[in-house]
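[1] need coordinates for the following:
(one chain, ligands or ions: 1)
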Amino acid sequence: MNKIMKSTFEEIGAKTGLKLDEATGTLIGVHNGYHFWVYFMQGGGYYAEVSVAKDGQPIGEETMKNARKSIAAIKSVANNGYVVTIHIKGQLKWTVIDNVTEVVRSFSDYLELNEYEDVCQVCGKPSESISSYNTQSGVNFICDDCHVDFTPPTIDEDMAEDKVVERTSLGAVGAILGSLIGVAAIIFLYKLGYVAVAAGLIMGVCTIGGYVKFGKRLSTKGIIIGGIIMAVMIYLAVKIYAIMNIVTIANEYYDVGFWEIYRYFWELIVESGSFKDVIKLLGEQYLFSGIGAIIMIVRYVKLNMFQDINYKIQ
Ligand SMILES: [Zn+2]
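    Predicted coordinates:
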């Protein structure tokens, strides 16, 4: 999660008693006896969720409408069974801190006033044993009794299976295939005289993208595998590019082939005085490919924030 969002959540946490959960990048905790989950959704903004019931019944339309009218920071309120989702106004840090704090405080007061109880979102009963679980649908508040036979909501079996295991060797194959596109990009873009940035970005994006496409998941292990493949392939690409240049120049005087140059590569590079250029080329490509890889990793993490997981948080 980014720094601004992290400090935003930490500020809200300090005011409400909710805690920042690093794994989900969200706020979770109990305020005034109610379990709250606060999260940010790309394109939507900030949301809070609670799970409540009154006499075993989910929250009513009228109650939600009145909450929206009486609490200024609320944009909209909706429920799905016992789960109440509150869309909170504001995008900028200080507005968000004020508004989320206001919603957590006032909405829990409002719930209490209207005699709603904090309940397990599956059975709708109040319980001492309600815990927070990180599942495919986000953070769920579930009692121990229900969690025994709880399956996370709606997800295709095949997808679930794919999600469970990272297919490391297939991922490596994907990374190699992706990196070959990167190799071609480095060689041809340099030959055509284009800027090095594009070639590096392509290398980084395609290698990590290839890993995810084939491996289905991306763990630290995957990032290391992708990184190693990328490093080797960049070296190879730069070497091939340099050899092609040498062959072109050398062939004006002698008849030499690719593999001859390949064998004595570094000697030739040092002798011809182009050592610095080749190192600079390598350095550029490592840098830009690294950036490309990071772009893909961040994208992956964002897309998978709430997927392939089901574990107890607190
Ligand atoms: Zn339950």
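[2] ends of stretch 46-66, what's the gap?
    With CA to CA, to the nearest Å as the measure, stretch 46-66 spans 20 Å from end to end.
[3] average pLDDT for it?
    Mean pLDDT, stretch 46-66: 96.
[4] is the ion contacted by it?
    No - legend: contact between stretch 46-66 and the ion by CB under 5 Å from the ion is lacking; minimum distance shown is 9.7 Å. No exception for glycine: its C-beta is placed from N, CA and C like everyone else's.
[5] going forward, count from 31.
    Happy to do that; since the first residue is 31 now, the last one works out to stretch 76-96.
[6] buried residues, that stretch. List them.
    Tyr76, Tyr77, Ala78, Glu79, Val80, Ser81, Val82, Ala83, Pro88, Ile89, Thr93, Met94 (16 or more other CB atoms under 10 Å).
[7] how about stretch 104-111?
    Using 16+ other CB under 10 Å as the test for burial, stretch 104-111 gives Ile104, Lys105, Val107, Asn109.
[8] who touches the helix or strand in which Thr131 is found?
    Assessed by DSSP states H and E, Thr131 sits inside helix 123-143. Under the contact criterion CB atoms under 8 Å, 6 or more residues apart in numbering, helix 123-143 has outside partners 34, 37-38, 41-42, 45-46, 48, 61-64, 66, 68, 76, 78, 80, 82, 97, 100-104, 116, 118-120.
[9] what secondary structure does the residue of the chain most remote from its centre sit in?
    Most distant from the centre of the chain: Tyr283, at 54.4 Å, with distances by CA atoms, centre = their mean. Three-state call for Tyr283 (DSSP: H, G, I helix; E, B strand; the rest coil): coil.
[10] phi, psi of it?
    As for Tyr283, its main-chain torsions (degrees, to the nearest 10) stand at phi -110, psi -50.
[11] what score does it have for pLDDT?
    Confidence at Tyr283, expressed as pLDDT, is 84.
[12] do the same with Pro183
    Reported pLDDT for Pro183: 54.
[13] my guess is Phe66 contacts Ser81, does it?
    No - counting by CB atoms under 8 Å, Phe66 stays clear of Ser81, with 9.6 Å between them.
[14] list the buried residues in the longest helix seen in the chain.
    Counting residues, the longest helix found in the chain (DSSP state H) is helix 250-280. Within helix 250-280, the residues scored as buried using 16+ other CB under 10 Å are 252-253, 255-257, 259-261, 263-264, 267-273, 275-276, 280.
[15] packing partners of the strand or helix carrying Ala323?
    Using DSSP H and E, Ala323 maps to helix 305-333. Helix 305-333 sits against helix 198-221, helix 226-245, helix 250-280, with contacts defined as 3 or more CB pairs under 8 Å, 6 or more residues apart in numbering; DSSP states H and E.
[16] just the mean pLDDT for the second one, thanks.
    For helix 226-245, the mean per-residue pLDDT is 91.
[17] could I have that helix exported to PDB, CA atoms only?
    The C-alpha coordinates for helix 226-245 follow below in PDB (Å, rounded to 0.1, in the frame of the first residue of the first chain):
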ATOM      1  CA  ALA A 226      16.600   2.600 -24.000                       C
ATOM      2  CA  VAL A 227      13.700   3.200 -21.700                       C
ATOM      3  CA  ALA A 228      11.200   1.500 -23.900                       C
ATOM      4  CA  ALA A 229      13.300  -1.700 -24.300                       C
ATOM      5  CA  GLY A 230      13.900  -2.000 -20.600                       C
ATOM      6  CA  LEU A 231      10.200  -1.500 -19.700                       C
ATOM      7  CA  ILE A 232       9.200  -4.100 -22.300                       C
ATOM      8  CA  MET A 233      11.700  -6.600 -20.800                       C
ATOM      9  CA  GLY A 234      10.500  -6.000 -17.200                       C
ATOM     10  CA  VAL A 235       6.800  -6.000 -18.000                       C
ATOM     11  CA  CYS A 236       6.900  -9.100 -20.300                       C
ATOM     12  CA  THR A 237       9.100 -11.200 -18.000                       C
ATOM     13  CA  ILE A 238       7.000 -10.700 -14.900                       C
ATOM     14  CA  GLY A 239       3.800 -10.700 -17.000                       C
ATOM     15  CA  GLY A 240       4.900 -14.000 -18.500                       C
ATOM     16  CA  TYR A 241       5.500 -15.400 -15.000                       C
ATOM     17  CA  VAL A 242       2.100 -14.400 -13.800                       C
ATOM     18  CA  LYS A 243       0.300 -15.600 -16.900                       C
ATOM     19  CA  PHE A 244       1.800 -19.100 -16.700                       C
ATOM     20  CA  GLY A 245       2.400 -19.400 -13.000                       C
END
